[in-house]
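> Next come a sequence and a model predicted from it.
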Amino acid sequence: MLPILAVTGLAKEARLASGPGVVAIGAGGNPQRLRALLAARKPPDCRAVVSIGIAGGLAPDLAPGDVVIASEIFAGQHRYPADAPIADALMDRLADLGGSVRRSPIAGVETAILAVADKTALHIRTGAIAVDMESHVAADFAASHGLPFAAIRIVCDPADRAIPAFAAQALKPDGEPDIAAVLRALLRDPRRIGPLIHLARDSGRAFATLTRCRPLLGPGLGVP
């Protein structure tokens with residue numbers, strides 16, 4: 001049986017997603033690089049595409065660690081419905097997490113949404129409750145090859161918290177954090193340490209939930 005293709009942004013996400021029946025790829029939060037990696041897969045050699053990892057919160061009642069199963073992906077003028085049977089299966093698999101799991105639209109963007117006002121505007125415009133930089137690329141790839149698509153995203157930064165630009169950009173091409181770039185930014189302006197601490201706490205909660213989700217999903221990320 002062909003594997004599930006797990007599409008991620010961060011190297012840590014790819015490591016967590018990997019497992020029996022899963023091949024994970026990531027592009028370091030760069031949608032154009034991700035498109036190139038996916039385009040090189042000829043043939044796709046997978047039976048479904050799943051976007052998995054952390055996301056920004058857009059709905060004001062979402063907290064770090066909450067799980068969003070995509071009902072659809074909005075990206076500009078494009079709309080990509082998620083595969084309903086797969087979304088049903090994912091909701092069943094993650095039922096033990098309780099009320100922290102929702103099924104709702106997710107927004108896909110080309111550049112990180114950093115400011116609180118921009119998060120609010122995107123939420124109002126699309127109705128999406130979370131945002132990431134990979135799901136729309138993964139959904140488009142799946143659609144172009146006639147493959148089912150799903151997305152599992154864990155909220156990191158909540159809607160009322162801005163993301164420091166220097167931290168959002170401090171990624172290596174393989175998705176590993178660029179620690180040296182972060183340290184240089186802090187040396188230039190030590191006042192950045194506060195927002196960085198908030199981001200570290202939020203991402204810690206998000207990755208803790210993603211770690212809990214992975215064994216619940218099981219082989220093939222729970223795709224039937």
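Okay, I see it.

> CA atoms for contacts and neighbours, from now on please.
OK.

> Distance-wise, check G29 relative to T209.
Using CA to CA, to the nearest Å, we find G29 at a distance of 20 Å from T209.

> of the two, who's got more company?
Between G29 and T209, counted using other CA atoms under 10 Å, the more crowded position is G29 (25 against 20).

> Can you classify that one as helix, strand or coil?
coil (DSSP: H, G, I helix; E, B strand; the rest coil).

> Could I get the phi/psi values of it?
G29 adopts backbone torsions of phi 70, psi 30, taken as degrees, to the nearest 10.

> Enumerate every residue touching the closest residue to it other than its chain neighbours.
Taking CA to CA, 6 or more residues apart in numbering as the measure, G29 lies nearest to G9, with 4.7 Å between them; neighbours along the chain are not counted. Residues touching G9, when contacts are defined by CA atoms under 8 Å, 6 or more residues apart in numbering, comprise 26-30, 53, 133-134, 175.

> got those as CSV, with distance to G99 and pLDDT columns?
Formatted as CSV, those follow (distance: CA to CA, whole Å; pLDDT from 0 to 100):
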residue, distance to G99, pLDDT
G26, 29, 90
A27, 31, 88
G28, 30, 85
G29, 29, 85
N30, 32, 92
G53, 19, 97
M133, 25, 96
E134, 25, 97
G175, 30, 66
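
> quick one: contacts of the longest helix seen in the chain?
Across the chain, the helix with the greatest residue count (assigned by DSSP state H) is helix 193-217. Counting by CA under 8 Å, 6+ apart, helix 193-217 makes contact with 16-17, 53-54, 64-67, 90, 93-94, 154-157, 163-164, 167, 186, 221, all of which sit outside it.

> Could you pull out the strands in the chain for me?
Read by DSSP state E, the chain holds these strands, from start to end of the chain: 4-8, 22-26, 48-57, 67-75, 78-81, 101-108, 130-132, 149-155.

> Let me have those in a markdown table, extended by distance to L38 and mean neighbour count.
Putting those into a markdown table (distance: least, CA to CA, whole Å; neighbours: other CA atoms under 10 Å) gives the following:
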| stretch | distance to L38 | mean neighbour count |
| --- | --- | --- |
| strand 4-8 | 9 | 27 |
| strand 22-26 | 9 | 22 |
| strand 48-57 | 11 | 28 |
| strand 67-75 | 18 | 24 |
| strand 78-81 | 17 | 16 |
| strand 101-108 | 16 | 22 |
| strand 130-132 | 17 | 29 |
| strand 149-155 | 14 | 28 |
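
> need the ones you listed in a markdown table with distance to R41, can you?
Output for the strands of the chain, formatted as a markdown table (distance: least, CA to CA, whole Å):
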| stretch | distance to R41 |
| --- | --- |
| strand 4-8 | 11 |
| strand 22-26 | 11 |
| strand 48-57 | 12 |
| strand 67-75 | 22 |
| strand 78-81 | 21 |
| strand 101-108 | 22 |
| strand 130-132 | 22 |
| strand 149-155 | 16 |
